[in-house]
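**Student:** The sequence and its predicted three-dimensional model are supplied below.
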Amino acid sequence: MNLSRFIARRVYSAGEPEKQVSRPAVLIARIGIAIGLAVMIVTVSVVVGFKREVRGKVTGFGSDIQLTNADAARSYETRPVVVDDSLLSRLSAYPEVKHVQRFSTKPGMIKTAEDFQGMVLKGVGPEFDPAFFHRHLLEGELPQFSDTASSNRVLISKSLATKLRLKLGDKIDTYYIQDEVRVRRLQIAGIYQTNFSEYDQLFLLTDLYLVNRLNGWERGQASGAELQVEDYSRLEETTFRIAADMDGTVDRYGEDYCVRSVEELNPQIFAWLDILDVNIWVILVLMIGVAGFTMVSGLLIIIIERTSMIGVLKSLGADNTTIRRVFLWFAVFLIGKGMLWGNAIGLAFYFVQKAFGVFKLDPETYYMDTVPVSFNLLLFLLLNAGTLLASVLMLLGPSYLITKIRPANSMKWE
């Protein structure tokens, strides 16, 4: 094998394959490998980035795991459970859990002089992690989140504000229907925009005290608790462990607890994201196939053009396996150069898009205004290794053409 690699390297570095016939074939093979790998790198970075952005927005509104009332209907008109300090401490004690916070919801309606819009008022306590909404805050500030007093201030989305012709500092009348219609006048403290239209047009964020009073709940009760996990890849395992520990647990009012992950709460969204994985595999197979076939055609042309060299090697005692390895090693060198070009193109797209957001999207359709990209070193290395391996495996068959070449017939044309 060392002899085969030595011969292949000498032939490659000496430029002997750059003959009139094989030169365009070698160039096309390199371009095929480069384009194929670049497209794969771009595809994976965009799809991974898109899934991460969408997942981040879903969990930003509802966290990774929710603990709620087992009897709560699948709506925002929830039944309360006790979420006191002892329960928060118990949930925070799990090593897989990074943060725990309370929340309560109350569906209602905003009415202005010209229009009205349904919404959900979400209340959170002082332990609320505001990082997600800080990243998407456009104007103003986040309200003071308290569980003992209300400021009557809310955070509203830009889409709702635009639709209802509202601006920062405006006061809005909100209506809630329970046994009777209740009215609360709230002031807009801040405006956010996540471009996740399904939630942007739904949620108003305020303090926990206000929502609990609207629901008529006792102190210590809430719609539930939201848990952020340390490692999202272990979400299912973490959810199962917490659910098993909470199974059969009831609060002081006899209400059962229920633990569900964000993927169980939003099955349609995550099923849609899973379909993107199928698209990735289709593109990867197609690109590797195109790159591999350009290499096959290039190798066949090179073998035919090097018929006399093959005859000389055979006359000197080299067997078919050794000569096949020469051409396979030569193909590896060609593939390697094409992969360098492909990596350069793919990484250039990633860094330019990451820094400048050149390629735009319609946020109404894609939930974001620029094409998202994400770099994963492991996936990057696997793409390179997979491209090299698949291309070489596809060349094993054509390399058997060498066994059909006879020294006497090949050398007489030299």
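**Tutor:** Looks like it arrived, so ask away.

**Student:** Pull the number of nearby residues for the closest residue to Lys163 other than its chain neighbours.
**Tutor:** The shortest distance from Lys163 to any non-neighbouring residue, by CB to CB, 6 or more residues apart in numbering, is to Gln117 (6.4 Å). Bear in mind the C-beta positions are built from the backbone N, C-alpha and C, glycine included. When neighbours are counted by other CB atoms under 10 Å, Gln117 registers 14.

**Student:** Quick check, Gln117 in contact with Leu164.
**Tutor:** Yes. At 5.9 Å, Gln117 and Leu164 qualify as touching, with contact defined as CB atoms under 8 Å.

**Student:** and for those two, which residues touch both?
**Tutor:** Shared contacts of Gln117 and Leu164, defined by CB atoms under 8 Å, 6 or more residues apart in numbering, comprise Ile110.

**Student:** hmm, back to that, secondary structure element for the residue nearest to Lys163?
**Tutor:** Following DSSP states H and E, the helix or strand that holds Gln117 is strand 116-124.

**Student:** Show me which positions of the helix or strand following that strand end up buried.
**Tutor:** Along the chain past strand 116-124, the next helix or strand (assigned with DSSP H and E) turns out to be helix 131-135. Residues 132-133 are the ones in helix 131-135 that count as buried (16 or more other CB atoms under 10 Å).

**Student:** can you list the residues that contact helix 131-135?
**Tutor:** Contact with helix 131-135 is made by 56, 60-61, 142, 155, 192, 205, as judged by CB under 8 Å, 6+ apart.

**Student:** Closest to Thr43 out of those residues?
**Tutor:** Taking CB to CB as the measure, Thr43 lies nearest Gly56 of these, at 20.1 Å.

**Student:** Near the closest one, how many other residues are there?
**Tutor:** By other CB under 10 Å, the residues close to Gly56 number 15.

**Student:** And the one 10 residues further on, by the same measure?
**Tutor:** By other CB under 10 Å, the residues close to Gln66 number 21.

**Student:** Look up which residues are beta-bridged to it.
**Tutor:** In this structure, Gln66 has the following beta-bridge partners (DSSP bridges): Glu226, Arg260.

**Student:** So it is in contact with Gln228, correct?
**Tutor:** No. Using CB under 8 Å, Gln66 and Gln228 do not qualify as a contacting pair, with a distance of 11.1 Å.

**Student:** Find the nearest non-adjacent residue to Tyr94, please.
**Tutor:** Using CB to CB, 6+ apart and skipping the chain neighbours, the partner closest in space to Tyr94 is Ile242 (6.5 Å).

**Student:** Where does the one you found fall, secondary structure wise?
**Tutor:** Remark: Ile242 resides in helix 235-246, with elements defined by DSSP H and E.

**Student:** longest strand of the chain?
**Tutor:** Within the chain, and with DSSP state E defining each element, the longest strand by residue count is strand 97-111.

**Student:** Please point out which parts of that one sit buried.
**Tutor:** Along strand 97-111, these residues count as buried under the neighbour rule (16+ other CB under 10 Å): 97, 99-106, 108, 110.

**Student:** quick one: which of these is nearest to Ile304?
**Tutor:** Val97 (64.6 Å).

**Student:** who does the closest one bridge with?
**Tutor:** If you apply DSSP bridges, the partners that Val97 bridges to are Val229.

**Student:** Going forward, the N-terminal residue is numbered 467.
**Tutor:** Got it, the first residue is 467 from now on, which makes the last one we talked about Val563.

**Student:** Check what pLDDT it gets.
**Tutor:** What the model reports as pLDDT for Val563 is 95.

**Student:** Ala874 now?
**Tutor:** In this prediction, Ala874 carries a pLDDT score of 55.

**Student:** Equivalent analysis for Ser479, please.
**Tutor:** Ser479 carries a pLDDT score of 71 in this model.

**Student:** what does Val818 give?
**Tutor:** Reported pLDDT at Val818 in the predicted model: 95.

**Student:** what sits against it?
**Tutor:** Val824.

**Student:** Can you give me the distance of it to Ile499?
**Tutor:** Spatial separation of Val818 from Ile499 under the definition CB to CB, to the nearest Å is 22 Å.

**Student:** Please apply the same query to Ser689.
**Tutor:** Taking CB to CB as the measure, Ser689 and Ile499 are separated by 55 Å.

**Student:** can you list the buried residues of strand 563-577 in CSV and add distance to Ser552?
**Tutor:** Listed next are the buried residues of strand 563-577 as CSV, based on distance: CB to CB, whole Å:
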residue, distance to Ser552
Val563, 15
His565, 17
Val566, 12
Gln567, 16
Arg568, 13
Phe569, 18
Ser570, 19
Thr571, 23
Lys572, 25
Gly574, 31
Ile576, 37
